[in-house]
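**Student:** For reference, the sequence and a predicted model appear below.
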Amino acid sequence: MSNTAKLELDGIAYTLPTLTGSENEKAVDVSALRATTGYITIDDGYGNTGSCTSNITFIDGDQGILRYRGIPIEELAEKSNFIETAYLIIYGTLPTQPQLKVFSDLLTDYQYLHEDMKYHFEGFPSGAHPMAILSSMINAASCFDEGLMNWKWGKNKLFDIYVAKLISQVRTIAAYSYRKSKGLPLIYPKQNYKYTANFLHMLFSMPYEDFDLKPEVVKALDLIFLLHADHEQNCSTSTVRMVASSQANLFASCAAGVCALWGPLHGGANQAVLEMLADIHNSGDDGSKFITAAKDKNSGKKLMGFGHRVYKNHDPRAKIIKRACDDVLSKLHITDPLLDIAKKLEETALKDPYFVERKLYPNVDFYSGIIMRAIGIPMEMFTVIFAIGRMPGWIANYKEIMEEPKSRIYRPRQIYTGKTTNHYIPMGERK
Ligand SMILES: CC(C)(COP(=O)(O)OP(=O)(O)OC[C@H]1O[C@@H](n2cnc3c(N)ncnc32)[C@H](O)[C@@H]1OP(=O)(O)O)[C@@H](O)C(=O)NCCC(=O)NCCS
(Lines give C-alpha, C1' and ligand atoms only; values in the text may rest on other atoms or scores of the structure.)
Protein backbone atom coordinates (compact mmCIF):
# COMPACT_ATOMS: atom_id res chain seq x y z
CA MET A 1 0.00 0.00 0.00
CA SER A 2 1.26 3.49 -0.89
CA ASN A 3 2.36 5.71 1.98
CA THR A 4 2.00 8.87 -0.06
CA ALA A 5 -0.93 10.85 -1.45
CA LYS A 6 -1.05 12.60 -4.81
CA LEU A 7 -2.45 16.09 -5.13
CA GLU A 8 -2.77 18.20 -8.25
CA LEU A 9 -3.04 21.98 -7.95
CA ASP A 10 -2.93 24.42 -10.87
CA GLY A 11 -1.71 21.61 -13.10
CA ILE A 12 1.23 20.70 -10.87
CA ALA A 13 1.37 17.29 -9.16
CA TYR A 14 2.52 17.08 -5.57
CA THR A 15 3.25 14.08 -3.41
CA LEU A 16 2.25 14.27 0.24
CA PRO A 17 3.32 11.83 2.94
CA THR A 18 0.65 9.85 4.81
CA LEU A 19 0.81 8.37 8.27
CA THR A 20 -1.03 5.56 10.02
CA GLY A 21 -1.78 5.33 13.73
CA SER A 22 -1.54 2.24 15.91
CA GLU A 23 -5.27 1.58 15.39
CA ASN A 24 -4.87 1.98 11.62
CA GLU A 25 -6.24 5.52 11.51
CA LYS A 26 -4.92 7.23 8.42
CA ALA A 27 -3.92 10.81 7.72
CA VAL A 28 -2.45 12.86 4.91
CA ASP A 29 0.37 14.97 6.33
CA VAL A 30 -0.15 18.52 5.04
CA SER A 31 2.50 20.11 7.30
CA ALA A 32 4.53 21.27 4.29
CA LEU A 33 1.55 22.09 2.03
CA ARG A 34 1.66 25.88 2.24
CA ALA A 35 5.42 26.05 1.93
CA THR A 36 5.44 23.86 -1.19
CA THR A 37 2.14 24.83 -2.90
CA GLY A 38 1.00 28.18 -1.45
CA TYR A 39 -2.33 26.54 -0.54
CA ILE A 40 -3.73 25.88 2.92
CA THR A 41 -6.56 23.51 3.87
CA ILE A 42 -9.94 24.68 5.16
CA ASP A 43 -11.84 22.42 7.52
CA ASP A 44 -14.79 24.10 9.18
CA GLY A 45 -15.21 22.69 12.71
CA TYR A 46 -11.98 20.66 12.29
CA GLY A 47 -13.93 17.47 11.55
CA ASN A 48 -11.15 16.21 9.23
CA THR A 49 -8.15 17.75 10.92
CA GLY A 50 -5.77 15.88 13.18
CA SER A 51 -4.19 18.60 15.30
CA CYS A 52 -1.61 16.24 16.80
CA THR A 53 -0.53 12.65 17.25
CA SER A 54 -1.36 11.40 20.72
CA ASN A 55 -1.04 8.16 22.64
CA ILE A 56 -3.47 8.85 25.47
CA THR A 57 -7.01 7.97 24.35
CA PHE A 58 -8.47 6.07 21.42
CA ILE A 59 -12.03 6.53 20.17
CA ASP A 60 -13.70 4.70 17.31
CA GLY A 61 -16.90 6.67 16.89
CA ASP A 62 -18.42 4.29 14.34
CA GLN A 63 -18.00 1.26 16.55
CA GLY A 64 -18.61 3.01 19.88
CA ILE A 65 -15.15 2.26 21.31
CA LEU A 66 -13.36 4.32 23.97
CA ARG A 67 -10.04 3.27 25.51
CA TYR A 68 -7.70 5.08 27.88
CA ARG A 69 -4.08 4.04 27.19
CA GLY A 70 -5.50 1.01 25.38
CA ILE A 71 -7.77 -0.17 28.21
CA PRO A 72 -11.49 -0.32 27.33
CA ILE A 73 -13.66 2.10 29.30
CA GLU A 74 -15.95 -0.79 30.26
CA GLU A 75 -13.06 -2.57 32.06
CA LEU A 76 -12.00 0.56 33.89
CA ALA A 77 -15.58 1.38 34.88
CA GLU A 78 -15.96 -2.09 36.37
CA LYS A 79 -12.55 -2.60 37.98
CA SER A 80 -10.84 0.72 38.57
CA ASN A 81 -11.63 3.99 40.29
CA PHE A 82 -11.15 7.64 39.35
CA ILE A 83 -7.77 8.19 41.01
CA GLU A 84 -6.16 5.02 39.65
CA THR A 85 -7.55 5.88 36.19
CA ALA A 86 -6.25 9.45 36.51
CA TYR A 87 -2.77 8.04 37.13
CA LEU A 88 -3.11 5.75 34.11
CA ILE A 89 -4.14 8.63 31.85
CA ILE A 90 -1.44 11.03 33.04
CA TYR A 91 1.51 8.67 33.42
CA GLY A 92 0.64 6.07 30.77
CA THR A 93 0.51 2.88 32.86
CA LEU A 94 -1.56 1.54 35.72
CA PRO A 95 0.24 2.38 38.99
CA THR A 96 1.90 -0.22 41.17
CA GLN A 97 0.81 -0.20 44.83
CA PRO A 98 3.74 2.05 45.93
CA GLN A 99 3.18 4.43 42.98
CA LEU A 100 -0.50 4.73 43.83
CA LYS A 101 0.38 5.40 47.47
CA VAL A 102 2.76 8.22 46.51
CA PHE A 103 0.13 9.72 44.17
CA SER A 104 -2.65 9.49 46.79
CA ASP A 105 -0.41 10.98 49.48
CA LEU A 106 0.42 13.93 47.20
CA LEU A 107 -3.28 14.49 46.56
CA THR A 108 -3.89 14.61 50.30
CA ASP A 109 -0.85 16.81 51.02
CA TYR A 110 -1.87 19.42 48.47
CA GLN A 111 -5.63 19.50 48.87
CA TYR A 112 -5.72 22.72 50.92
CA LEU A 113 -5.93 26.07 49.18
CA HIS A 114 -3.75 28.96 50.21
CA GLU A 115 -5.76 30.55 53.06
CA ASP A 116 -5.76 33.96 51.36
CA MET A 117 -7.59 32.49 48.38
CA LYS A 118 -10.68 32.37 50.57
CA TYR A 119 -11.01 36.17 50.28
CA HIS A 120 -11.34 35.87 46.52
CA PHE A 121 -14.39 33.69 46.94
CA GLU A 122 -15.93 36.57 48.92
CA GLY A 123 -15.74 38.82 45.87
CA PHE A 124 -18.10 36.77 43.71
CA PRO A 125 -21.77 37.71 43.87
CA SER A 126 -24.07 35.04 45.28
CA GLY A 127 -25.67 33.22 42.38
CA ALA A 128 -22.45 33.42 40.31
CA HIS A 129 -22.15 30.32 38.13
CA PRO A 130 -19.67 27.88 39.73
CA MET A 131 -17.98 27.33 36.34
CA ALA A 132 -17.08 31.03 36.23
CA ILE A 133 -15.73 30.79 39.77
CA LEU A 134 -13.89 27.56 38.98
CA SER A 135 -12.00 28.87 35.96
CA SER A 136 -11.21 32.18 37.72
CA MET A 137 -9.93 30.49 40.85
CA ILE A 138 -7.81 27.89 39.06
CA ASN A 139 -6.16 30.75 37.22
CA ALA A 140 -5.93 32.86 40.39
CA ALA A 141 -4.05 30.01 42.10
CA SER A 142 -1.06 31.06 39.98
CA CYS A 143 -0.94 34.34 41.95
CA PHE A 144 -0.40 32.41 45.17
CA ASP A 145 2.30 30.10 43.91
CA GLU A 146 5.82 31.14 43.02
CA GLY A 147 6.34 28.01 40.90
CA LEU A 148 3.32 28.76 38.73
CA MET A 149 4.17 32.44 38.37
CA ASN A 150 7.67 31.63 37.18
CA TRP A 151 6.68 28.46 35.38
CA LYS A 152 9.35 26.45 33.70
CA TRP A 153 8.48 23.06 32.30
CA GLY A 154 10.48 20.16 33.65
CA LYS A 155 9.54 16.50 33.70
CA ASN A 156 10.42 16.08 37.32
CA LYS A 157 9.12 15.66 40.84
CA LEU A 158 7.95 19.27 40.83
CA PHE A 159 5.64 18.61 37.92
CA ASP A 160 4.20 15.61 39.81
CA ILE A 161 3.43 17.97 42.68
CA TYR A 162 1.62 20.41 40.39
CA VAL A 163 -0.35 17.52 38.87
CA ALA A 164 -1.47 16.49 42.36
CA LYS A 165 -2.16 20.08 43.38
CA LEU A 166 -4.40 20.68 40.40
CA ILE A 167 -6.36 17.41 40.64
CA SER A 168 -6.82 17.84 44.37
CA GLN A 169 -7.45 21.59 44.51
CA VAL A 170 -9.93 21.70 41.64
CA ARG A 171 -12.16 19.63 43.89
CA THR A 172 -11.66 21.96 46.85
CA ILE A 173 -12.31 25.05 44.68
CA ALA A 174 -15.40 23.42 43.18
CA ALA A 175 -16.85 22.64 46.60
CA TYR A 176 -16.03 26.13 47.93
CA SER A 177 -17.61 27.79 44.91
CA TYR A 178 -20.83 25.93 45.60
CA ARG A 179 -20.78 26.73 49.34
CA LYS A 180 -20.13 30.36 48.53
CA SER A 181 -22.99 30.52 46.02
CA LYS A 182 -25.34 29.21 48.73
CA GLY A 183 -23.95 31.41 51.51
CA LEU A 184 -22.82 28.33 53.47
CA PRO A 185 -19.67 28.10 55.63
CA LEU A 186 -16.65 26.59 53.89
CA ILE A 187 -15.82 23.02 54.91
CA TYR A 188 -12.18 21.89 54.89
CA PRO A 189 -11.16 18.55 53.36
CA LYS A 190 -10.44 15.65 55.71
CA GLN A 191 -7.07 13.91 55.76
CA ASN A 192 -8.52 10.41 56.01
CA TYR A 193 -11.20 10.61 53.29
CA LYS A 194 -10.65 9.33 49.79
CA TYR A 195 -10.97 11.68 46.82
CA THR A 196 -14.65 11.45 45.91
CA ALA A 197 -15.90 11.03 49.49
CA ASN A 198 -13.93 14.12 50.45
CA PHE A 199 -15.55 16.14 47.69
CA LEU A 200 -19.04 15.15 48.88
CA HIS A 201 -17.98 16.00 52.44
CA MET A 202 -16.82 19.50 51.42
CA LEU A 203 -19.98 19.98 49.38
CA PHE A 204 -22.58 18.84 51.90
CA SER A 205 -21.24 18.56 55.47
CA MET A 206 -22.04 21.23 58.04
CA PRO A 207 -19.69 22.43 60.79
CA TYR A 208 -21.90 20.67 63.34
CA GLU A 209 -22.66 17.49 61.35
CA ASP A 210 -20.79 15.38 58.80
CA PHE A 211 -22.61 14.42 55.62
CA ASP A 212 -23.83 10.82 55.57
CA LEU A 213 -21.59 9.27 52.90
CA LYS A 214 -23.65 6.46 51.38
CA PRO A 215 -21.27 4.05 49.57
CA GLU A 216 -23.53 3.82 46.50
CA VAL A 217 -23.54 7.62 46.18
CA VAL A 218 -19.74 7.83 46.46
CA LYS A 219 -19.38 5.01 43.92
CA ALA A 220 -21.77 6.62 41.44
CA LEU A 221 -19.99 9.97 41.55
CA ASP A 222 -16.57 8.30 41.28
CA LEU A 223 -17.84 6.50 38.17
CA ILE A 224 -19.02 9.77 36.66
CA PHE A 225 -15.54 11.28 37.23
CA LEU A 226 -13.89 8.20 35.68
CA LEU A 227 -16.13 8.19 32.59
CA HIS A 228 -15.28 11.83 31.93
CA ALA A 229 -11.54 11.52 32.54
CA ASP A 230 -10.48 11.94 28.91
CA HIS A 231 -11.99 12.06 25.46
CA GLU A 232 -9.18 12.88 23.03
CA GLN A 233 -9.18 16.13 21.02
CA ASN A 234 -12.56 17.62 21.99
CA CYS A 235 -13.21 21.36 22.27
CA SER A 236 -11.86 21.85 25.82
CA THR A 237 -8.85 19.53 25.43
CA SER A 238 -7.89 21.24 22.18
CA THR A 239 -8.20 24.55 24.03
CA VAL A 240 -5.87 23.29 26.76
CA ARG A 241 -3.36 22.16 24.12
CA MET A 242 -3.67 25.48 22.30
CA VAL A 243 -2.87 27.46 25.47
CA ALA A 244 -0.17 24.99 26.51
CA SER A 245 1.52 25.38 23.13
CA SER A 246 2.35 28.97 24.15
CA GLN A 247 4.20 27.46 27.18
CA ALA A 248 1.61 28.86 29.62
CA ASN A 249 1.63 27.14 33.00
CA LEU A 250 -0.41 24.04 33.79
CA PHE A 251 -3.07 25.85 35.83
CA ALA A 252 -3.58 28.64 33.26
CA SER A 253 -3.92 26.09 30.44
CA CYS A 254 -6.48 24.01 32.35
CA ALA A 255 -8.44 27.10 33.46
CA ALA A 256 -8.94 27.80 29.73
CA GLY A 257 -10.23 24.25 29.36
CA VAL A 258 -12.88 24.98 32.02
CA CYS A 259 -14.11 27.98 30.00
CA ALA A 260 -14.39 25.89 26.83
CA LEU A 261 -16.20 23.15 28.72
CA TRP A 262 -18.83 25.54 30.04
CA GLY A 263 -20.70 25.88 26.72
CA PRO A 264 -24.02 24.01 26.29
CA LEU A 265 -22.75 22.19 23.20
CA HIS A 266 -19.95 20.69 25.28
CA GLY A 267 -19.91 20.17 29.07
CA GLY A 268 -22.98 22.30 29.66
CA ALA A 269 -25.11 19.68 27.94
CA ASN A 270 -25.86 17.65 31.10
CA GLN A 271 -27.44 20.71 32.73
CA ALA A 272 -29.28 21.45 29.47
CA VAL A 273 -30.64 17.86 29.45
CA LEU A 274 -32.19 18.25 32.90
CA GLU A 275 -33.62 21.67 32.03
CA MET A 276 -35.15 20.14 28.92
CA LEU A 277 -36.63 17.21 30.89
CA ALA A 278 -38.02 19.57 33.55
CA ASP A 279 -39.61 21.79 30.85
CA ILE A 280 -41.19 18.75 29.20
CA HIS A 281 -42.49 17.56 32.57
CA ASN A 282 -43.85 20.96 33.58
CA SER A 283 -45.65 21.37 30.25
CA GLY A 284 -47.51 18.09 30.79
CA ASP A 285 -45.88 16.49 27.72
CA ASP A 286 -44.61 12.89 27.92
CA GLY A 287 -41.86 13.69 25.41
CA SER A 288 -43.81 13.10 22.18
CA LYS A 289 -44.43 16.78 21.43
CA PHE A 290 -40.84 17.65 22.23
CA ILE A 291 -39.46 15.04 19.82
CA THR A 292 -41.51 16.60 17.04
CA ALA A 293 -40.14 20.05 17.92
CA ALA A 294 -36.54 18.76 18.09
CA LYS A 295 -36.83 17.59 14.49
CA ASP A 296 -38.05 20.99 13.31
CA LYS A 297 -35.10 23.27 12.57
CA ASN A 298 -37.28 26.36 13.07
CA SER A 299 -38.31 25.41 16.61
CA GLY A 300 -34.92 26.35 18.08
CA LYS A 301 -35.02 23.06 20.03
CA LYS A 302 -32.64 20.13 19.99
CA LEU A 303 -32.86 16.83 21.79
CA MET A 304 -30.16 17.64 24.32
CA GLY A 305 -27.99 14.67 25.28
CA PHE A 306 -28.34 13.22 21.80
CA GLY A 307 -25.78 13.31 19.02
CA HIS A 308 -22.03 13.55 19.08
CA ARG A 309 -19.39 14.86 16.73
CA VAL A 310 -17.41 11.63 16.93
CA TYR A 311 -19.80 8.84 18.00
CA LYS A 312 -22.06 7.81 15.17
CA ASN A 313 -23.07 4.79 17.23
CA HIS A 314 -23.86 4.35 20.93
CA ASP A 315 -21.55 6.38 23.18
CA PRO A 316 -20.05 3.55 25.31
CA ARG A 317 -20.12 5.84 28.35
CA ALA A 318 -23.87 6.37 27.93
CA LYS A 319 -24.48 2.60 28.15
CA ILE A 320 -22.46 2.34 31.37
CA ILE A 321 -24.09 5.38 32.89
CA LYS A 322 -27.60 4.25 32.02
CA ARG A 323 -27.01 0.98 33.94
CA ALA A 324 -25.50 2.91 36.87
CA CYS A 325 -28.48 5.26 36.82
CA ASP A 326 -31.00 2.41 37.16
CA ASP A 327 -28.85 0.85 39.89
CA VAL A 328 -28.46 4.01 41.99
CA LEU A 329 -32.11 4.97 41.73
CA SER A 330 -33.25 1.54 42.82
CA LYS A 331 -30.72 1.34 45.70
CA LEU A 332 -31.75 4.79 46.93
CA HIS A 333 -35.44 3.93 46.38
CA ILE A 334 -35.92 6.99 44.20
CA THR A 335 -38.53 7.28 41.49
CA ASP A 336 -38.04 10.21 39.18
CA PRO A 337 -40.62 11.34 36.59
CA LEU A 338 -37.77 12.93 34.63
CA LEU A 339 -36.17 9.50 34.26
CA ASP A 340 -39.41 8.17 32.80
CA ILE A 341 -39.48 11.04 30.30
CA ALA A 342 -35.80 10.42 29.44
CA LYS A 343 -36.51 6.73 28.77
CA LYS A 344 -39.51 7.59 26.62
CA LEU A 345 -37.46 10.13 24.62
CA GLU A 346 -34.66 7.62 24.10
CA GLU A 347 -37.02 4.85 23.03
CA THR A 348 -38.89 7.12 20.60
CA ALA A 349 -35.79 8.75 19.12
CA LEU A 350 -34.01 5.46 18.51
CA LYS A 351 -36.93 4.34 16.33
CA ASP A 352 -37.47 7.67 14.58
CA PRO A 353 -36.00 7.94 11.03
CA TYR A 354 -34.82 11.54 11.70
CA PHE A 355 -32.49 10.38 14.49
CA VAL A 356 -31.66 6.99 12.92
CA GLU A 357 -30.62 8.47 9.56
CA ARG A 358 -28.44 11.12 11.23
CA LYS A 359 -26.93 8.51 13.58
CA LEU A 360 -27.98 10.46 16.66
CA TYR A 361 -27.64 8.30 19.78
CA PRO A 362 -27.76 9.23 23.47
CA ASN A 363 -24.45 10.62 24.68
CA VAL A 364 -22.92 10.54 28.17
CA ASP A 365 -24.85 13.63 29.25
CA PHE A 366 -28.24 12.11 28.65
CA TYR A 367 -28.24 10.03 31.86
CA SER A 368 -25.46 11.61 33.92
CA GLY A 369 -27.73 14.53 34.87
CA ILE A 370 -30.34 12.17 36.28
CA ILE A 371 -27.81 10.31 38.43
CA MET A 372 -26.39 13.56 39.73
CA ARG A 373 -29.86 14.80 40.57
CA ALA A 374 -30.58 11.50 42.37
CA ILE A 375 -27.46 11.76 44.52
CA GLY A 376 -28.22 15.36 45.41
CA ILE A 377 -25.73 17.26 43.22
CA PRO A 378 -27.25 20.66 42.44
CA MET A 379 -27.85 21.34 38.77
CA GLU A 380 -25.48 24.31 38.53
CA MET A 381 -22.69 21.95 39.64
CA PHE A 382 -23.16 19.41 36.84
CA THR A 383 -20.64 20.94 34.48
CA VAL A 384 -18.25 21.48 37.39
CA ILE A 385 -18.38 17.73 38.06
CA PHE A 386 -17.47 17.17 34.42
CA ALA A 387 -14.52 19.59 34.81
CA ILE A 388 -13.21 17.76 37.89
CA GLY A 389 -13.47 14.47 36.00
CA ARG A 390 -11.76 15.82 32.87
CA MET A 391 -8.75 17.22 34.71
CA PRO A 392 -6.53 14.10 34.22
CA GLY A 393 -7.17 14.22 30.48
CA TRP A 394 -6.27 17.89 30.24
CA ILE A 395 -3.14 17.34 32.32
CA ALA A 396 -2.06 14.35 30.19
CA ASN A 397 -2.52 16.39 27.01
CA TYR A 398 -0.61 19.30 28.54
CA LYS A 399 2.22 16.91 29.43
CA GLU A 400 2.22 15.44 25.94
CA ILE A 401 2.65 18.89 24.37
CA MET A 402 5.49 19.73 26.76
CA GLU A 403 7.27 16.44 26.18
CA GLU A 404 7.17 16.75 22.40
CA PRO A 405 10.58 18.07 21.34
CA LYS A 406 9.21 19.38 18.03
CA SER A 407 6.19 21.06 19.63
CA ARG A 408 5.42 24.49 18.11
CA ILE A 409 2.95 27.16 19.12
CA TYR A 410 -0.51 26.40 17.67
CA ARG A 411 -1.27 29.00 15.03
CA PRO A 412 -3.88 28.10 12.41
CA ARG A 413 -4.23 30.11 9.20
CA GLN A 414 -7.38 31.53 7.62
CA ILE A 415 -8.76 32.46 4.24
CA TYR A 416 -9.50 36.17 4.44
CA THR A 417 -12.89 37.13 2.94
CA GLY A 418 -13.08 40.79 4.04
CA LYS A 419 -12.52 44.00 2.08
CA THR A 420 -9.37 44.42 0.07
CA THR A 421 -7.38 47.63 0.67
CA ASN A 422 -9.65 50.31 2.10
CA HIS A 423 -8.92 53.84 3.35
CA TYR A 424 -9.60 55.91 6.44
CA ILE A 425 -12.43 58.45 5.95
CA PRO A 426 -12.45 61.50 8.25
CA MET A 427 -15.53 61.67 10.50
CA GLY A 428 -17.12 64.63 8.71
CA GLU A 429 -17.05 62.87 5.34
CA ARG A 430 -18.65 59.61 6.46
CA LYS A 431 -22.15 58.79 5.27
C1 LIG B 1 -23.10 17.20 19.94
C2 LIG B 1 -23.42 18.06 18.73
C3 LIG B 1 -22.95 19.51 19.04
C4 LIG B 1 -22.65 17.50 17.53
O5 LIG B 1 -22.71 18.43 16.53
P6 LIG B 1 -22.27 18.14 15.03
O7 LIG B 1 -21.26 17.06 14.97
O8 LIG B 1 -21.90 19.45 14.45
O9 LIG B 1 -23.59 17.52 14.42
P10 LIG B 1 -24.37 18.16 13.23
O11 LIG B 1 -24.82 19.53 13.61
O12 LIG B 1 -23.53 18.01 12.01
O13 LIG B 1 -25.64 17.23 13.16
C14 LIG B 1 -26.04 16.48 12.04
C15 LIG B 1 -27.54 16.62 11.83
O16 LIG B 1 -28.23 16.15 13.00
C17 LIG B 1 -29.00 17.20 13.58
N18 LIG B 1 -28.81 17.12 15.03
C19 LIG B 1 -27.64 16.93 15.69
N20 LIG B 1 -27.86 16.81 17.01
C21 LIG B 1 -29.20 16.95 17.17
C22 LIG B 1 -30.02 16.92 18.33
N23 LIG B 1 -29.48 16.74 19.54
N24 LIG B 1 -31.34 17.10 18.17
C25 LIG B 1 -31.88 17.29 16.94
N26 LIG B 1 -31.15 17.30 15.80
C27 LIG B 1 -29.82 17.14 15.93
C28 LIG B 1 -28.41 18.50 13.04
O29 LIG B 1 -29.36 19.54 13.04
C30 LIG B 1 -28.01 18.07 11.64
O31 LIG B 1 -29.18 17.98 10.85
P32 LIG B 1 -29.11 18.27 9.26
O33 LIG B 1 -28.15 17.26 8.70
O34 LIG B 1 -30.52 18.11 8.80
O35 LIG B 1 -28.62 19.69 9.13
C36 LIG B 1 -24.92 18.04 18.40
O37 LIG B 1 -25.33 16.72 18.13
C38 LIG B 1 -25.76 18.64 19.51
O39 LIG B 1 -25.94 19.86 19.56
N40 LIG B 1 -26.28 17.78 20.45
C41 LIG B 1 -27.03 18.29 21.57
C42 LIG B 1 -26.06 18.84 22.62
C43 LIG B 1 -25.32 17.75 23.35
O44 LIG B 1 -25.92 16.78 23.81
N45 LIG B 1 -24.01 17.94 23.50
C46 LIG B 1 -23.16 17.03 24.27
C47 LIG B 1 -22.11 16.42 23.43
S48 LIG B 1 -21.22 15.21 24.38
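**Tutor:** Cool, the structure landed.

**Student:** Contacts for the longest strand anywhere in the chain next, please.
**Tutor:** Using DSSP state E to define each element, the chain has its longest strand at strand 12-20. With contact meaning C-beta atoms under 8 Å, 6 or more residues apart in numbering, strand 12-20 is reached by 2-8, 26-30, 32-33, 36-37, 53. (Each C-beta comes from the backbone N, C-alpha and C, glycine too.)

**Student:** count of neighbours near the closest residue to the ligand within the stretch 151-300 of the chain?
**Tutor:** In the stretch 151-300 of the chain, the residue found nearest to the ligand is residue 269; the distance is 3.4 Å by C-beta to the nearest ligand atom. Neighbour count for residue 269, taken as other C-beta atoms under 10 Å: 26.

**Student:** my read: it touches residue 303, true?
**Tutor:** No. Using C-beta atoms under 8 Å as the test, residue 269 is too far from residue 303 to be in contact (10.8 Å).

**Student:** starting at the chain centroid, how far to stretch 258-266?
**Tutor:** 8 Å (C-alpha atoms, centre = their mean, to the nearest Å).

**Student:** And for stretch 233-252?
**Tutor:** With C-alpha atoms, centre = their mean, you get 12 Å for stretch 233-252.

**Student:** Just the buried positions in that stretch, please.
**Tutor:** 233-245, 248-252 (16 or more other C-beta atoms under 10 Å).

**Student:** List, one by one, the residues from the stretch 251-400 of the chain near the ligand.
**Tutor:** Within the stretch 251-400 of the chain, the positions adjacent to the ligand are 265, 269, 294, 302-309, 358, 360, 363, 365 by C-beta under 6 Å from any ligand atom.

**Student:** which SS state does the residue nearest to residue 71 when sequence neighbours are not counted fall under?
**Tutor:** Of all residues not flanking residue 71 in the chain, residue 88 sits nearest, at 7.0 Å (C-beta to C-beta, 6 or more residues apart in numbering). Following DSSP: H, G, I helix; E, B strand; the rest coil, residue 88 is assigned to helix.

**Student:** Check the spacing between residue 88 and residue 326 real quick.
**Tutor:** 27 Å (C-beta to C-beta, to the nearest Å).

**Student:** Which of those two has more residues huddled nearby?
**Tutor:** For residue 88 versus residue 326, neighbours defined as other C-beta under 10 Å are more numerous around residue 88 (23 against 15).

**Student:** Kindly provide the distance from the more buried one to residue 231.
**Tutor:** Distance from residue 88 to residue 231, by C-beta to C-beta: 15 Å.

**Student:** Could you chop this protein up by domain?
**Tutor:** Following automatic domain parsing, one gets these domains for the chain: 4-65, 71-260+384-403, 269-374.

**Student:** Kindly reformat the ones you listed as TSV and extend each row with mean pLDDT.
**Tutor:** Output for these, formatted as TSV (pLDDT from 0 to 100):
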stretch	mean pLDDT
domain 4-65	96
domain 71-260+384-403	94
domain 269-374	91
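
**Student:** In JSON lines, list those domains along with distance to residue 413.
**Tutor:** Formatted as JSON lines, those follow (distance: least, C-beta to C-beta, whole Å):
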{"stretch": "domain 4-65", "distance to residue 413": "5"}
{"stretch": "domain 71-260+384-403", "distance to residue 413": "14"}
{"stretch": "domain 269-374", "distance to residue 413": "22"}
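
**Student:** Would you tell me which of those domains gets closest to residue 415?
**Tutor:** domain 4-65 (6.0 Å; C-beta to C-beta).

**Student:** Next, the distance between the ends of that closest one.
**Tutor:** 28 Å (C-alpha to C-alpha, to the nearest Å).

**Student:** What of stretch 282-291?
**Tutor:** 16 Å.

**Student:** Ok, stretch 256-268 next?
**Tutor:** By C-alpha to C-alpha, the extent of stretch 256-268 from end to end equals 15 Å.

**Student:** same question, stretch 293-311
**Tutor:** So stretch 293-311: terminal residues 23 Å apart, C-alpha to C-alpha.

**Student:** ok, and what's touching it?
**Tutor:** Outside stretch 293-311, the residues touching it (C-beta under 8 Å, 6+ apart) are 45, 47, 59, 61, 64, 232, 234, 264, 269-270, 272-273, 275-276, 290-291, 315, 342, 345, 349, 352, 354-355, 358, 360-363, 365-367, 369.

**Student:** hey, where'd the helices end up in the stretch 101-250 of the chain?
**Tutor:** 117-123, 130-140, 146-149, 157-181, 195-204, 215-227, 235-244, 250-261 (DSSP state H, counting those that start in this stretch).

**Student:** these two touch, right, residue 254 and residue 396?
**Tutor:** No. Counting by C-beta under 8 Å, no contact exists between residue 254 and residue 396, whose distance comes to 11.2 Å.

**Student:** Looking from the ligand, tell me which residue of this structure is nearest.
**Tutor:** residue 307 (2.4 Å).

**Student:** Tally up the residues packed near that residue, please.
**Tutor:** 20.

**Student:** Against residue 346, how distant is it?
**Tutor:** For residue 307, the distance to residue 346 - C-beta to C-beta - is 13 Å.

**Student:** Check residue 175 too.
**Tutor:** Applying C-beta to C-beta, the value for residue 175 to residue 346 is 32 Å.

**Student:** of those two, who's got more company?
**Tutor:** residue 175 (26 against 21).

**Student:** Tell me, how many residues neighbour residue 110?
**Tutor:** Count around residue 110 with other C-beta under 10 Å applied: 18.

**Student:** hmm, I was thinking of residue 291
**Tutor:** Neighbours around residue 291, by other C-beta under 10 Å: 19.

**Student:** Make sure it is indeed in a helix.
**Tutor:** Yes. Counting by three-state DSSP, one finds residue 291 located in a helix.

**Student:** residues touching residue 52, list them.
**Tutor:** 233, 241, 400, 401.

**Student:** In this structure the first one contacts residue 53, no?
**Tutor:** Translated: residue 233. No. Assessed by C-beta under 8 Å, residue 233 is found out of contact with residue 53, at 10.6 Å.
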